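In: make a model of this:
(one chain, ligands or ions: 1)
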Amino acid sequence: MAIVLGENRYGKAETRLVRVTRDGETHTLADFNVSIALSGDLAATHLTGDNSGVLPTDTMKNTVYAFAKEHGVGEPEEFALRLARHFVETQTQIRAARVGIESLAWQRLGPHSFKRQGDHTRTAEVTVTVEQTQVVSGISGMVLLNSTNSEFHGYPRDKYTTLPETTDRILATAVDARWRHLHDTTDWGKSFPGVVDALTRAFVYTHSLSLQQTLFAMGSQVLTDQAEIAEIRLALPNKHHYLVDLSPFDLANDNEVFIAGDRPYGLIEGTVTRDDVPPAITEWYP
Ligand SMILES: O=c1[nH]c(=O)c2[nH]c(=O)[nH]c2[nH]1
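Out: Take a look at the predicted model:
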């Protein structure tokens with residue numbers, strides 16, 4: 001038996017960058033959390049401690065800040081592409097660079113005043129190899145709720161099943177979605193709100209017989225509306241709302257009073273894809 005080094009990568013995780021762009025009195029804010037992972041011909045450092053191919057992770061962090069000053073940041077996908085290409089192009093031993101960005105939203109309150117929008121996070125994950133580029137955009141934590149137009153019935157029952165069938169319930173979820181772009185030259189600033197609009201519209205207008213059906217409707221709407229998207233992966237927690245039994249107080253409860261459940265929660269996951277697109281070049285997750 002031989003012990004061998006398997007897949008490996010390294011990089012600087014979670015570099016926090018705030019970039020202010022000043023246009024006279026009016027400022028714009030980008031608030032990014034940048035994670036970089038490089039892979040390639042890096043066996044020597046693991047096997048012998050030879051660091052001749054190991055660009056320090058400290059340098060990666062400095063590159064984030066220097067690029068933010070030199071080029072500005074733009075859309076998260078754009079900044080991630082610039083960084084990933086830089087490492088693959090300038091470090092001959094590096095065959096692939098993965099740059100992930102979480103972009104935190106700030107709502108403008110005035111020319112140089114902002115309020116943090118805590119309701120969702122926009123994400124971008126770019127992989128650049130010597131041959132190919134893959135861009136995956138995403139959103140996490142976008143909470144949606146329909147107070148009706150949701151049913152769940154017709155499921156198998158066994159001796160452990162207690163769930164009552166329902167033709168009217170609350171359907172709520174916190175959308176975690178990642179979508180893979182067909183190209184690396186999309187108008188990122190237009191694509192992101194387009195996808196979010198398609199996701200929310202499908203959630204609102206689907207009369208749901210299951211969260212699974214809603215998931216497929218949301219993914220389909222994105223692929224119908226946005227020609228630049230190859231595939232979308234969704235993870236939808238079912239944020240259960242339980243009807244409170246008010247009968248001890250001789251009160252009816254006609255879907256008006258609920259307990260908002262916390263844990264456990266159903267977790268519905270799925271991919272919606274075009275059947276004629278090239279496969280992903282590297283693994284990615286919702
Ligand atoms: O939309 C739903 N899908 C399920 O798979 C499920 N399971 C469950 O208990 N409630 C629900 N709701």
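In: which strand or helix spans the residue nearest to residue 129 when sequence neighbours are not counted?
Out: Nearest residue to residue 129, sequence neighbours excluded (Cβ to Cβ, 6 or more residues apart in numbering): residue 96, at 4.4 Å. Where C-beta positions appear, they are placed from N, C-alpha and C, glycine not excepted. Residue 96 belongs to strand 94-110 when assigned by DSSP states H and E.
In: that strand pairs with which strands, and in what direction?
Out: strand 26-40 (antiparallel), strand 113-129 (antiparallel) (DSSP bridges).
In: take these and lay them out in JSON lines including mean pLDDT.
Out: Below are these laid out as JSON lines (pLDDT from 0 to 100):
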{"stretch": "strand 26-40", "mean pLDDT": "97"}
{"stretch": "strand 113-129", "mean pLDDT": "95"}
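In: ranking these by burial, who's on top?
Out: Ranked by mean neighbour count, the strands paired with strand 94-110 are led by strand 26-40 with a mean of 19 (mean count of other Cβ atoms under 10 Å).
In: OK, contacts around residue 130?
Out: Residue 130 sits next to 88, 95-96 when contact means Cβ atoms under 8 Å, 6 or more residues apart in numbering.
In: ditto for residue 21
Out: Counting by Cβ under 8 Å, 6+ apart, residue 21 has contacts 27-30, 72.
In: how far away is it from residue 220?
Out: 37 Å (Cβ to Cβ, to the nearest Å).
In: what sits against the residue nearest to residue 129?
Out: 9, 38-40, 88, 127-130, 282.
In: using TSV, lay out these together with distance to the ligand.
Out: Output for the contacts of residue 96, formatted as TSV (distance: Cβ to the nearest ligand atom, whole Å):
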residue	distance to the ligand
9	36
38	40
39	38
40	43
88	42
127	33
128	38
129	38
130	43
282	30
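In: taking those, tell me the two that lie furthest apart.
Out: Farthest apart among those by Cβ to Cβ are 9 and 130. That separation is 15.0 Å.
In: spatially, what comes nearest to the residue in the stretch 1-150 of the chain positioned nearest to the ligand if we skip its sequence neighbours?
Out: Nearest residue of the stretch 1-150 of the chain to the ligand, counting by Cβ to the nearest ligand atom: residue 150, 7.6 Å away. Closest residue in space to residue 150, ignoring its immediate chain neighbours: residue 171 at 3.6 Å, by Cβ to Cβ, 6+ apart.
In: run through the bridge partners of the one you found.
Out: Beta bridges link residue 171 to residue 146, judged by DSSP bridges.
In: sorry, back to before: can you lay out the strands paired with strand 94-110 as CSV showing distance to residue 135?
Out: What follows is the strands paired with strand 94-110, written out as CSV (distance: least, Cβ to Cβ, whole Å):
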stretch, distance to residue 135
strand 26-40, 15
strand 113-129, 5
